[in-house]
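A.B. asks: Got a sequence here, can you build the structure:
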Amino acid sequence: MTREWWLDNPESVEHPVPMDLAHHVAANLEIPVASAERGVGAILNALRMILPRDVFDRVKASLPDAESYMGRALMSAARTGEMPGPTGPSGLARALITAGIKHEDMPLLGRIVLEYVRPIIGPEAVQTFRSLAPVLRD
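C.D. replies: As a prediction, the model looks like this:
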C-alpha cells in the first residue's frame, strides 16, 4: 500500500490526509512529537551519508519537513555555540539517544522510517542501511 492509497480509494477514507511521519512515530512509540521529529531526522541524516544525492533528494521531496527534522536532530546533539556534523549509520545509536529515543524503541523507529522511504530508495538500500546501523535491528 502506498502513502497515497486514498487517491485510488476515496470512498474508503473519512479523512484523506495521511498522518505526518513524525506524528505516526510519536503515536507508535508513545513519545513527544518533538522527540519523534529528532529521531526521524537522525535517521535521515544517517541515510544521507550512504545514499546517492539524487536518491536522497527524492527522499526529501517525499517528506516535506525532512530538512526541519534533520536540523532538529543535529541541533539536539550540539552544545550552545557548536555546529555538529551529521552522523552516519555507525553513530546512529548516540544520535537517537540524544534525540530522546529509548534504546528499546530504536528498531521500531527504524522500521517505520525505512518502510516510509523503501519505495524511494529500494529494498537493497534498506538492507544495506540496516546492516550498517545495527541499533535498528530487532
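
A.B. asks: ok, longest helix in this structure?
C.D. replies: helix 33-50 (DSSP state H).

A.B. asks: can I get the CA coordinates of the following helix or strand past it in CSV?
C.D. replies: For helix 33-50, the following helix or strand on the C-terminal side (DSSP states H and E) is helix 53-62. Extracted in CSV, the C-alpha atoms of helix 53-62 (Å, rounded to 0.1, in the frame of the first residue of the first chain):
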residue,chain,number,x,y,z
ARG,A,53,22.5,12.6,-3.8
ASP,A,54,19.7,12.2,-6.4
VAL,A,55,18.1,9.4,-4.4
PHE,A,56,18.3,11.4,-1.1
ASP,A,57,16.8,14.4,-2.9
ARG,A,58,13.8,12.2,-3.8
VAL,A,59,13.5,11.1,-0.1
LYS,A,60,13.5,14.8,1.0
ALA,A,61,10.9,15.6,-1.7
SER,A,62,8.6,12.9,-0.3
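
A.B. asks: helices and strands around the helix or strand just after helix 53-62, which ones?
C.D. replies: With elements assigned by DSSP H and E, the helix or strand that comes after helix 53-62 is helix 66-76. The helices and strands touching helix 66-76, judged by 3 or more C-beta pairs under 8 Å, 6 or more residues apart in numbering; DSSP states H and E, are helix 33-50, helix 53-62, helix 92-99. In short, each C-beta sits where N, CA and C put it, glycine included.

A.B. asks: spatially speaking, which residue is in the middle of this protein?
C.D. replies: With distances taken as C-alpha atoms, centre = their mean, residue 40 lies nearest the centre of the chain, 3.1 Å away.

A.B. asks: I'd like to know how many residues surround the nearest residue to that one once chain neighbours are set aside.
C.D. replies: Leaving out its chain neighbours, the residue that sits closest to residue 40 by C-beta to C-beta, 6 or more residues apart in numbering is residue 69, at 4.8 Å. When neighbours are counted by other C-beta atoms under 10 Å, residue 69 registers 25.

A.B. asks: OK, contacts around residue 69?
C.D. replies: 22, 37, 38, 40, 41, 44, 63 (C-beta atoms under 8 Å, 6 or more residues apart in numbering).

A.B. asks: and what of residue 103?
C.D. replies: Going by C-beta under 8 Å, 6+ apart, residue 103 touches 93, 97, 135.
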